[in-house]
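>>> Fold the following.
(one chain, ligands or ions: 1)
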Amino acid sequence: MLIKELILKSDDRVLVLGSTGFIGSRLIPELSQRNIKLRLFVRNPSKLSALIQKNADIEVVIGDLVKGEGLRDALHGIHSAYYLVHSLGGKSIFKNTEFAEMDKRAAKNFIAAANAEGLKRVIYLGGLGEMGKNLSEHLKSRAEVAEILSSGKPYPTILRAAVIIGAGGASFEMLRYLVERLFIMLCPKWIDTRIQPIAVRDVLAYLAGCLLNPETAGKRFDIGGPEILTYREMMDQYADARGIARRIIFRVPVLTPRLVAYLVDLVTPVPSGIAHPLIEGLKNEVVCLDHSIDQFVPIVKTPFKEAVKIAVSEEKEGPGIAGF
Ligand SMILES: NC(=O)c1ccc[n+]([C@@H]2O[C@H](COP(=O)([O-])OP(=O)(O)OC[C@H]3O[C@@H](n4cnc5c(N)ncnc54)[C@H](OP(=O)(O)O)[C@@H]3O)[C@@H](O)[C@H]2O)c1
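I've put the predicted structure just below:
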C-alpha cells in the first residue's frame with residue numbers, strides 16, 4: 001500500500017550525502033533539472049563551486065558523517081535523502097582496513113539523526129555481491145551499510161550495482177588506464193569472473209526514478225547494464241570501443257591483490273588505498289540476481305561499448321584527468 005507521505009511534493013527538499021563524489025556530483029544537475037529542491041551535505045564546500053548551477057534551489061550544510069557533525073541541521077525538514085558515501089581512500093594501502101569501521105559509524109550516525117528528524121525515505125547505492133560467498137571486505141561493508149540504513153524509521157531503497165562506467169569513477173579509471181597503458185597484462189584468475197557493468201547515466205536515471213516513484217520505498221533492487229561480461233571481455237570491449245588493439249592477457253596462478261594494487265598505483269591515477277579493496281572484490285561475481293527494477297523504473301539500458309565511448313568523450317584531454 002502506498003503511503004501518501006512518501007510522495008515527493010514540489011516544496012519538499014532532498015538531501016544528497018556524498019554530493020562531491022563521482023555519483024553525487026552528477027546527481028545534482030540530474031535532480032536540479034527536474035526542479036527538485038536540494039540540500040548538499042559536504043565536508044569541504046570549496047569542492048562544490050563548479051557543481052552548483054545558477055538559479056538552482058540548493059542549500060549547503062557542512063559536516064562529517066563519521067564524526068557525526070552537522071547531521072541534525074542537514075536533515076532538519078528534509079523529505080528524502082540520497083546516501084552516496086563511502087570512506088575508501090587514502091593514499092596508503094596500510095590504512096585500508098579502517099574504511100569498514102568508518103562506514104559503519106557513518107551509517108549509524110546518519111540513521112540516528114534521520115530517526116530524530118523524521119526523514120521519510122533514504123536511497124542508497126551500494127554494491128552487488130552475495131554474502132557468504134567469500135565476499136571481499138569492501139563488498140561486505142557495502143552490504144553492512146545497507147543493513148544499517150534499513151534498520152531505521154525512514155523507508156530505505158537499496159540499489160546494488162557493479163562497476164559504473166563513467167569518467168572519474170575509481171573502478172572505471174582503473175580499467176581505462178590499464179587498457180590504455182599496458183599492451184601485455186598478467187592477471188590472476190579473477191580475470192574470468194563475471195560482472196554486469198552499468199553506464200553512469202543509467203545509474204542516475206535509476207536514482208532519480210526511485211525518488212519519483214514512491215512505490216520503490218522499502219525495496220531492494222539490483223541494477224546493471226544489458227551485458228554480463230568477464231573482466232577479460234570487458235577489457236577487450238573497452239579496446240574495441242576505443243578502436244585500439246586488444247591487449248594480450250596472460251592468466252597466472254598467483255598474484256596477490258596487494259601486488260596488483262601497487263601496480264595499479266603505478267600505472268593509473270587511482271591510489272593503492274582505494275585500488276586494494278576494489279581489487280580484492282574482483283574475485284566475487286557481481287551480476288544482477290533480481291530484475292524487478294524494470295517494473296518500477298523502466299529505462300533503455302546503455303550498451304557497454306556505448307558507455308565507454310561516452311565516458312572517454314567526457315574529458316577532452318583524454319586519460320589523465322581523473323580527480324583522485
Ligand atoms: N564508483 C563505482 O563504480 C560504484 C559502483 C557501485 C556502487 N558504487 C556506490 O556508489 C556510492 C558512491 O560512490 P562514488 O563512486 O560516488 O564514491 P566517491 O566518488 O568516492 O565519493 C564518496 C563521497 O563520500 C563523501 N564522504 C566520504 N566520507 C565522508 C564523511 N565522513 N562525511 C561526509 N561525506 C563523506 C566524499 O566526500 P569528500 O569529497 O569530502 O571526500 C564523497 O563526496 C557508494 O556507496 C559506492 O559504494 C559506486
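>>> Let me see the contact set for the residue of the stretch 151-300 of the chain found nearest the ligand.
Of the residues in the stretch 151-300 of the chain, the one nearest the ligand is residue 164, at a distance of 3.5 Å by C-beta to the nearest ligand atom. Any C-beta I mention is one placed from the backbone N, CA and C, and that applies to glycine too. Taking C-beta atoms under 8 Å, 6 or more residues apart in numbering, we find residue 164 in contact with 22, 23, 171, 172, 197, 198, 199, 200, 203.
>>> Return the set of residues that bridge with it.
Beta bridges link residue 164 to residue 198 when assigned by DSSP bridges.
>>> Model confidence for it, exactly?
As predicted, residue 164 sits at a pLDDT of 97.
>>> Any buried residues in stretch 167-185, and which?
Neighbour counts over stretch 167-185 (16 or more other C-beta atoms under 10 Å) mark 167-180, 182, 185 as buried.
>>> Just the residues you listed: which are in helices?
The subset of those located in helices under the criterion DSSP state H comprises 170, 171, 172, 173, 174, 175, 176, 177, 178, 179, 180.
>>> How much space separates the second one from residue 164?
With distances defined as C-beta to C-beta, to the nearest Å, the gap from residue 171 to residue 164 amounts to 7 Å.
>>> unless I'm mixing things up, residue 188 is touching residue 252, no?
Yes - counting by C-beta atoms under 8 Å, residue 188 touches residue 252, with 6.3 Å between them.
>>> neighbour-wise, which of the two wins?
Higher neighbour count among residue 188 and residue 252: residue 188, with 19 against 11, using other C-beta atoms under 10 Å.
>>> Leaving out chain neighbours, which residue sits closest to the more buried one?
In space, and not counting its chain neighbours, residue 188 is closest to residue 255: 4.3 Å by C-beta to C-beta, 6 or more residues apart in numbering.
>>> Using the three-state scheme, assign that neighbour.
coil (DSSP: H, G, I helix; E, B strand; the rest coil).
>>> And for the one 4 residues further on?
Under three-state DSSP, the three-state class of residue 259 is helix.
>>> Quick check: neighbours of the helix or strand hosting residue 160 in the sheet, parallel or antiparallel?
Here residue 160 sits within strand 155-161, counting by DSSP states H and E. According to DSSP bridges, strand 155-161 forms sheet pairs with strand 121-127 (parallel), strand 220-222 (parallel).
>>> With respect to the ligand, which of those strands lies nearest?
strand 121-127 (4.1 Å).
>>> right, and the helix or strand after that closest one?
As the chain continues past strand 121-127, the following element, by DSSP H and E, is helix 137-149.
>>> Could you pull up phi and psi at the closest residue to residue 128 other than its chain neighbours?
Leaving aside its sequence neighbours, residue 128 sits nearest to residue 286 (C-beta to C-beta, 6+ apart; 4.0 Å). Dihedral pair for residue 286: phi -130, psi 80, per degrees, to the nearest 10.
>>> For the residue of the stretch 1-150 of the chain found nearest the ligand, list the residues it contacts.
Using C-beta to the nearest ligand atom, residue 21 is the residue of the stretch 1-150 of the chain that sits closest to the ligand, at 2.1 Å. Applying C-beta under 8 Å, 6+ apart to residue 21 gives the contacts 84, 85.
>>> got the residue ranges for the strands in the chain?
In the chain, the segments counted as strands under DSSP state E are 13-17, 37-42, 58-62, 80-83, 121-127, 155-161, 164-165, 184-187, 194-195, 198-199, 220-222, 229-230, 248-251.
>>> a markdown table please, covering the ones you listed and showing distance to residue 105.
Listed next are the strands of the chain as a markdown table, based on distance: least, C-beta to C-beta, whole Å:
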| stretch | distance to residue 105 |
| --- | --- |
| strand 13-17 | 14 |
| strand 37-42 | 16 |
| strand 58-62 | 19 |
| strand 80-83 | 14 |
| strand 121-127 | 16 |
| strand 155-161 | 18 |
| strand 164-165 | 25 |
| strand 184-187 | 35 |
| strand 194-195 | 30 |
| strand 198-199 | 29 |
| strand 220-222 | 23 |
| strand 229-230 | 35 |
| strand 248-251 | 39 |
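>>> so what's the nearest residue to residue 281 once chain neighbours are set aside up against?
Nearest residue to residue 281, sequence neighbours excluded (C-beta to C-beta, 6+ apart): residue 136, at 3.8 Å. Residues near residue 136 by C-beta under 8 Å, 6+ apart: 129, 277, 280, 281, 283, 284.
>>> residue contacts, the nearest residue to the second one once chain neighbours are set aside?
Translated: residue 277. The shortest distance from residue 277 to any non-neighbouring residue, by C-beta to C-beta, 6+ apart, is to residue 138 (3.8 Å). Counting by C-beta under 8 Å, 6+ apart, residue 138 touches 88, 99, 100, 127, 277, 278, 280, 281.
>>> biggest helix in the protein by residues?
Assignment by DSSP H gives helix 98-117 as the longest helix of the chain.
>>> Not counting its own residues, what contacts that one?
17, 65-68, 71-72, 74-78, 81, 83, 85-90, 122, 137-138, 140-141, 144-145, 148-149, 151-154, 277.
>>> which of the residues in it are buried?
Neighbour counts using 16+ other C-beta under 10 Å place 99-100, 102-111, 113-114, 117 of helix 98-117 among the buried residues.
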